[in-house]
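Participant: Predicted model and sequence follow; I will ask about them next.
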There are 2 protein chains.
Amino acid sequence: MKFEAVTIKDIAKALGLSTSTVSRALRDSYEISPETKKRVLEYSEKINYRPNPIALSLKEKRSRSIGIIVCEIANSFFSQIINGIESIAYDKGYNVIIAQSHESYDREVINVQYLASRSIDGLLVSVSSETQDLEHLKNLHERGFPIVFFDRIVDEMQTHKVIVDNFKGGYDATEHLINSGYKNIAALAGSEYLSITKERLGGYRKALEDKGHNYDEKYIQHCLHGGMLYDEVENALNQLLQLPTKPDAILASADKLTTNCLRYFKKRKIKVPDDIALIGFSNLDLTDLLSPSLSVVRQPAFEMGQIATELLIQQIEAKRQVKDFERRILPPQLFVRESTDKSLR
Amino acid sequence: MKFEAVTIKDIAKALGLSTSTVSRALRDSYEISPETKKRVLEYSEKINYRPNPIALSLKEKRSRSIGIIVCEIANSFFSQIINGIESIAYDKGYNVIIAQSHESYDREVINVQYLASRSIDGLLVSVSSETQDLEHLKNLHERGFPIVFFDRIVDEMQTHKVIVDNFKGGYDATEHLINSGYKNIAALAGSEYLSITKERLGGYRKALEDKGHNYDEKYIQHCLHGGMLYDEVENALNQLLQLPTKPDAILASADKLTTNCLRYFKKRKIKVPDDIALIGFSNLDLTDLLSPSLSVVRQPAFEMGQIATELLIQQIEAKRQVKDFERRILPPQLFVRESTDKSLR
DNA sequence: TTTATTTACGCAATCGTTCCCGGTAACGAT
DNA sequence: ATCGTTACCGGGAACGATTGCGTAAATAAA
């Protein structure tokens, strides 16, 4: 069943005009007499005419829609980002099309190709945990296709990038743990390929060194899927808890890592923070309701989405090729709660 | 900066053929000689040709994309639904375009009009809390535009509908509370306009009556925005707790209502379930980590999204107008945890 | 050899809209 | 009477792809 809609031709025929005249009348051209305009406008209103955006897209070679690639929308951080993206996009008359990689490189490639087959004007990307090869994106980028990276960026491509100061986030969290008296601080990190993982661990390391703690790689465990799978978190934590000197605090560097970590402790009846402290990167808005309430590094996700979208649309609408790319760095925020602070219980 | 892409014309020109021949060669028509096909295919591959979906849409009068309208994607239930929708849509070669109403009627109307201005082939809708007037949807529906409702459906329109058995959900939850010994069970409900609210309260009432408890409307509070705003939940709970006989259990009939309820109790140091028990409709996958862990009625969100999408695409691709509309009802699932069961603590 | 059939391709219309060229009145100036 | 100007409007190409129809050449059948 096709949905037949009103076109400019129908109006022209009904009023005994040409399509050009109708088109011009609708766009309020000076070449059309006031009476004709009035007739056209009234009739279009009456039959509820809407211009066909697809025909416009074909003519103008732009679809007024942008693609988003994230790993999961069922993740507070990303759904907040999407809200930020949406808020700007709709303001400027753009549609957004969301695709999820589910942390799979293959699905990311498929999605990029699907979206980029010219039904979108630009792309907002946060790469998957597995992504190493960037050919699928470089390809587009080299042909002048507007791409903006956010959160999980890549070094090899010259584009606009919007991130939080992950180094500072890692540093602040670690420093807080040290200041709270924890001695053996382990890191439960995401995929080694991700920029955010490297940066957060960089901050973790620097804080340890600054405070005279020794940095030991055995105290770092990576989860390729960023904690999406409970098993990988379980394995990682088993490793950490088998170390000769057990860690007394854990820095989890992603949302799902943090919550699955808490789940692990709960299952094994390991008390947080008494047996072990936990701080994580998270944008959940329920961290205050968890047991114990979670200390977190929170990222300004909404703003991140907004800025990325502004940069992208700016690039899409630029007259000539953009050569100067910006790198916006937003501040993370540390929230101290029960999971790292015994006095709060 | 426009992104100039390869067209069928470029191929035709390069190979000294007409566009028709190239088109047919690409579609493997029997009218084209094997050699020509080979040349065309190889060259298209080389220059990475992709057909322009917009041109196709214009010609075929279909965009192969469907619109989704939900209140919030930053809500586990809806993001799970969207995952279900996506899983089917991408399989069948459809794009999805998501729009959020943020529980506002005005934004819902704007989104519907925006999406429906012919860039989509069908619409999946879960109405906002505020929605009473349905003209914006009826309009489309009467003109044969495919619409499928899910979760928050409306009675006045004859379309496919996919819901959970909300009556049963409300009944089971209430029955569980009664069986657990609670005497004064209050209901914290969403907008009165919503189908789900009515159905869930219906189950609540029936369970009370079946078990010989008296049903008292004073024990029901509605939140127009479904708990999105903490204040409305706070007001509602203040009302309930001021009743002569204070409720000893609460049934919250939506995700945000449930969590904000818990937040209220936590703030006021009201112990759950000792001072008051709490059970809620929720699809959070963190309910086991909350303090206390939450008893919930969980809905098969992913499946719901899948079924709704299958019905929609089936209708879009139907040869003639669909007249027989289905009403699929999925079973909810009750999970008993600490918040209603003192023995689990 | 003539006719019929097959093979392989091009022309042109189509989808809905915009916009570059016209073109034709009407009117005033010369 | 002729020209220039202005005000209005229509024809038709273009965007990229598909497709019905026409047709030339090659081959087969008579």
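Facilitator: All right, it came through fine.

Participant: Show me the shaky parts of chain A.
Facilitator: Residue ranges of chain A with pLDDT under 70: A:1-4, A:118, A:345.

Participant: Next to DNA strand C, which bits of it? Give me the list.
Facilitator: Taking Cβ under 7 Å from any atom of the strand as the test, the list of chain A residues beside DNA strand C reads A:5, A:7-9, A:19-20, A:23-24, A:26-27, A:49-52, A:55-56, A:58-59. The C-beta positions use only the backbone N, C-alpha and C, and glycine is treated the same way.

Participant: Tell me the buried residues within these.
Facilitator: A:Ala5, A:Thr7, A:Ile8, A:Ser23, A:Arg24, A:Leu26, A:Tyr49, A:Pro51, A:Asn52, A:Leu58 (16 or more other Cβ atoms under 10 Å in any protein chain shown).

Participant: Keep only those of these that are also close to chain B.
Facilitator: Restricting these to those touching chain B (Cβ under 8 Å from any Cβ of the partner chain) yields A:Ala5, A:Pro51, A:Asn52, A:Leu58.

Participant: Could you give the number of residues near A:Ile163?
Facilitator: Per other Cβ atoms under 10 Å in any protein chain shown, the neighbour tally for A:Ile163 reads 21.

Participant: Regarding it, which helix or strand does it belong to?
Facilitator: Assigned by DSSP states H and E, A:Ile163 falls within strand A:160-164.

Participant: can you check A:Ile68 too?
Facilitator: Here A:Ile68 is assigned to strand A:65-70, by DSSP H and E.

Participant: Which residues does that strand contact?
Facilitator: By Cβ atoms under 8 Å, 6 or more residues apart in numbering or on different chains, the list of residues contacting strand A:65-70 from outside reads A:78, A:81-82, A:85, A:89, A:94-101, A:108, A:111-112, A:115-116, A:119-127, A:309, A:312-313, A:316, B:97.

Participant: So which of these sit within strands?
Facilitator: Residues of the contacts of strand A:65-70 located in strands (DSSP state E): A:Asn95, A:Val96, A:Ile97, A:Ile98, A:Ala99, A:Gln100, A:Gly122, A:Leu123, A:Leu124, A:Val125, B:Ile97.

Participant: A:Lys13: which of those residues is nearest?
Facilitator: Checking the ones in strands among the contacts of strand A:65-70 against A:Lys13 by Cβ to Cβ gives A:Asn95 as the nearest, at 30.6 Å.

Participant: neighbours of the closest residue to that closest one other than its chain neighbours, just the number please.
Facilitator: Spatial nearest neighbour of A:Asn95, chain neighbours left out: A:Ser65 (3.6 Å); criterion: Cβ to Cβ, 6 or more residues apart in numbering or on different chains. Burial of A:Ser65 is recorded as 22 neighbouring residues (other Cβ under 10 Å).

Participant: How about A:Pro300?
Facilitator: By other Cβ under 10 Å, the residues close to A:Pro300 number 18.

Participant: That one and B:Val127, how far apart?
Facilitator: Counting by Cβ to Cβ, to the nearest Å, the gap from A:Pro300 to B:Val127 is 31 Å.

Participant: And the strands in chain A, which stretches?
Facilitator: For chain A, the strands defined by DSSP E occupy A:65-70, A:95-100, A:122-125, A:147-150, A:160-164, A:185-189, A:220-222, A:249-252, A:277-281, A:295-298, A:327-330, A:333-335.

Participant: So which of these is the most surrounded?
Facilitator: Comparing the strands of chain A by mean neighbour count (mean count of other Cβ atoms under 10 Å in any protein chain shown), strand A:249-252 comes out on top with a mean of 31.

Participant: Partner strands of that strand and their direction?
Facilitator: Strand pairing for strand A:249-252, determined by DSSP bridges: strand A:185-189 (parallel), strand A:277-281 (parallel).

Participant: Among those, which comes closest to A:Cys223?
Facilitator: strand A:185-189 (7.1 Å).

Participant: So which residues make contact with that closest one?
Facilitator: In contact with strand A:185-189 (Cβ under 8 Å, 6+ apart) are residues A:174, A:177-178, A:197, A:200-201, A:204, A:208, A:213, A:219-223, A:227, A:233, A:236-237, A:240, A:243, A:247-254, A:257, A:261.

Participant: Mark which of the residues you listed are buried, thanks.
Facilitator: Among the contacts of strand A:185-189, those buried by neighbour count (16+ other Cβ under 10 Å) are A:174, A:177-178, A:197, A:200-201, A:204, A:208, A:213, A:219-223, A:227, A:233, A:236-237, A:240, A:247-254, A:257, A:261.
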